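Visitor: got a sequence here, can you build the structure:
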Amino acid sequence: MLRYLAIIIVAAKAFGLLARKVHIPPVTGEIVAGLLIGPAVFNLVPGSDFLSGIAEIGVILLMFSAGLTTNLTQLKKAGLKALLIACSGVFVPLICGTLLYMCFYGFSPLGSEASYKAIFVGTILTATSVSITVQTLKEMGRLSEFVSTTIVSAAIIDDVIGIIVLTVVIGFKDPDTNIPKVILNTLLFFVFSVVVGFVIYKIFKAVDKKYPHTRRIPILGMALAFSMAYIAEKYFGVADITGAFVAGIILCSLKDSDYITEKMDINSYMIFGPVFFCSIGLQTNIQDVDSTIILFSIAFVVTGLLAKIVGCGLMSALTGFRGLDCLKIGVGMMTRGEVALIVAQRGLKVGLLEQTYFTSVIILIIVSSILTPIILKLLYSKSDTAVKTA
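Guide: Numbers count the residues shown, from 1 in each chain. Reported below is the predicted structural model:
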């Protein structure tokens with residue numbers, strides 16, 4: 001096992017650095033590394049319970065970090081516009097992804113196993129990864145503009161709504177599931193999180209004030225992440241990653257939240273993150289890919305990109321944005337990354353997604369990561385030209 005772990009870490013970092021050199025997110029390189037060293041190509045690293053366990057820890061830490069980096073102040077300032085854009089950015093891809101799957105594999109009555117698989121494919125498309133967009137806007141000196149602030153705020157809200165949708169969809173997976181009970185349990189978990197989270201936040205705030213910038217803060221934070229993940233899954237039937245994400249949100253307003261994030265990133269960067277992203281590649285078997293999967297992947301990518309542009313762009317127009325600004329928001333929201341992978345991996349774990357469909361998700365992430373910066377720069381260049389001409 002230790003030999004396999006060494007191969008994964010070296011391969012993941014090598015391809016992560018290579019991806020960064022060509023201006024692609026490092027996680028994409030780590031996934032490709034998993035494809036190469038896994039059964040799909042060289043078969044250097046077989047899957048195992050040991051690696052799956054480390055990958056599970058990796059996904060918990062990633063979602064905890066995602067919650068920690070949530071800016072609640074920015075969310076409050078975003079207002080109704082960002083909320084409506086985020087809701088549309090979830091609803092349209094969810095419907096389009098569901099219909100896409102059904103067009104390929106048949107329309108099934110709601111409540112059947114096939115219908116839940118279709119809805120889950122739509123759920124994957126709801127995710128937004130705004131990091132690439134933020135970096136692009138920063139390079140262009142546009143990050144402080146109102147359109148950019150709206151994109152970032154909507155993306156944060158988008159991920160929160162997406163996690164809720166994931167929780168509900170996974171809850172429906174069991175054919176004997178009582179749907180009202182699933183919804184009630186989900187609501188109860190969030191009520192529990194608000195009440196208990198407030199108390200925990202006050203405790204952490206007091207500890208942080210007495211012992212600022214000490215390692216006990218991130219250690220206790222990590223314990224909270226695992227505890228919330230366990231409580232969510234064990235007592236509420238909610239996805240464990242939702243619990244970890246909520247744990248991050250509870251602590252995101254702490255004075256030392258950046259310090260906690262920094263320490264979590266060290267763990268993720270060194271071992272847990274690379275193993276998780278490589279495990280995505282390890283679980284992808286391209287030998288099972290046939291012409292139907294190839295056609296589905298192409299349709300999945302096109303649908304994923306256009307659904308965000310249409311959903312977010314149209315709602316932007318309805319909320320007062322005009323012309324190219326609507327397109328900027330739509331394009332800025334179409335990138336996919338870690339959250340889409342996490343959602344897909346969770347679907348594989350509970351039997352709502354087959355391994356072959358990881359190929360479609362990976363292609364969507366790569367294509368959206370490459371196209372978004374290019375299109376955004378063209379749109380901003382065009383709008384600048386229009387302003388000068390006017």
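
Visitor: on the three-state scheme, Leu352 is what?
Guide: coil (DSSP: H, G, I helix; E, B strand; the rest coil).

Visitor: correct me if wrong: it contacts Phe120.
Guide: Yes - between Leu352 and Phe120 there is a contact at 4.2 Å, judged by C-beta atoms under 8 Å. Bear in mind the C-beta positions are built from the backbone N, C-alpha and C, glycine included.

Visitor: low-confidence ranges in the stretch 51-200 of the chain?
Guide: Across the stretch 51-200 of the chain, the ranges flagged by pLDDT under 70 are 74-75, 77-78, 130-132, 134-136, 138-139, 143-144, 173-179.

Visitor: which elements pack onto the longest helix along the chain?
Guide: Using DSSP state H, we find that the single longest helix of the chain is helix 72-105. Helix 72-105 makes packing contacts with helix 113-125, helix 146-171, helix 291-318 when contacts are defined by 3 or more C-beta pairs under 8 Å, 6 or more residues apart in numbering; DSSP states H and E.

Visitor: now the angle between helix 113-125 and that helix, please.
Guide: Orientation check (axes from the mean of the first three to the mean of the last three C-alpha atoms, to 10 degrees): helix 72-105 against helix 113-125 gives 140 degrees.

Visitor: list the buried residues in helix 72-105.
Guide: 75, 78, 81-94, 96-98, 100-102 (16 or more other C-beta atoms under 10 Å).

Visitor: mind pulling up the pLDDT for Gly311?
Guide: Here, the pLDDT recorded for Gly311 equals 94.

Visitor: can you tell me the element the most centrally placed residue in the chain falls in?
Guide: Note on the chain: the residue nearest the mean C-alpha position is Val339, at 1.2 Å, using C-alpha atoms, centre = their mean. Val339 belongs to helix 338-350 when assigned by DSSP states H and E.

Visitor: and the helix or strand following that helix, what's buried?
Guide: Downstream of helix 338-350, the next assigned helix or strand under DSSP H and E is helix 358-389. By neighbour count on 16+ other C-beta under 10 Å, the buried set for helix 358-389 is 358-370, 372-373, 375-376, 379-380, 383.

Visitor: and Tyr116, how many residues sit next to it?
Guide: 24 (other C-beta atoms under 10 Å).

Visitor: mind listing what Val169 touches?
Guide: For Val169, the contacting residues are 116, 119-120, 123, 352, by C-beta atoms under 8 Å, 6 or more residues apart in numbering.

Visitor: and which of those is nearest to Phe50?
Guide: Checking the contacts of Val169 against Phe50 with C-beta to C-beta, the nearest one is Leu352 at 24.4 Å.

Visitor: contacts only, for that closest one.
Guide: 116-117, 120, 169-170, 173.

Visitor: SS state for Leu110?
Guide: Going by three-state DSSP: Leu110 is coil.

Visitor: next, it: phi, psi?
Guide: phi -60, psi 130 (degrees, to the nearest 10).

Visitor: one more: Val238?
Guide: Torsion angles, degrees, to the nearest 10, at Val238: phi -100, psi 150.

Visitor: without its sequence neighbours, what residue ends up closest to it?
Guide: Leaving aside its sequence neighbours, Val238 sits nearest to Ala232 (C-beta to C-beta, 6 or more residues apart in numbering; 4.2 Å).

Visitor: distance check, the one you found against Met63.
Guide: 11 Å (C-beta to C-beta, to the nearest Å).

Visitor: what does Lys377 give?
Guide: Taking C-beta to C-beta, one finds Lys377 at 31 Å from Met63.

Visitor: now do Leu251
Guide: 13 Å.

Visitor: next: Ala299.
Guide: In terms of C-beta to C-beta, Ala299 sits 29 Å off from Met63.

Visitor: more neighbours: those two, which one.
Guide: Met63 (27 against 15).

Visitor: for Pro212, helix, strand, or coil?
Guide: From three-state DSSP, the assignment for Pro212 is coil.

Visitor: got the phi and psi for the closest residue to it other than its chain neighbours?
Guide: Leaving aside its sequence neighbours, Pro212 sits nearest to Asp256 (C-beta to C-beta, 6+ apart; 6.3 Å). Backbone geometry at Asp256, expressed as degrees, to the nearest 10, gives phi -100, psi 20.

Visitor: quick one: contacts for Asp256?
Guide: Applying C-beta under 8 Å, 6+ apart, the residues contacting Asp256 are 208, 212-213, 217.

Visitor: what strand or helix carries the residue lying closest to Lys255 once chain neighbours are set aside?
Guide: Once flanking residues are discounted, Lys255 sits nearest to Asp208: 5.8 Å by C-beta to C-beta, 6+ apart. Following DSSP H and E, one finds Asp208 within helix 179-210.

Visitor: now do Glu56
Guide: helix 49-68.

Visitor: next, the angle from that helix to helix 338-350.
Guide: Using the same axes, to 10 degrees, helix 49-68 lies at 140 degrees relative to helix 338-350.

Visitor: report the buried residues of helix 49-68.
Guide: 51, 54-68.

Visitor: still on that earlier bit, between Ala232 and Met63, which contacts overlap?
Guide: Thr242.

Visitor: report all helices and strands that the helix or strand that contains Asp258 contacts.
Guide: According to DSSP H and E, Asp258 maps onto helix 257-267. Helix 257-267 sits against helix 49-68, helix 216-236, with contacts defined as 3+ C-beta pairs under 8 Å, 6+ apart.
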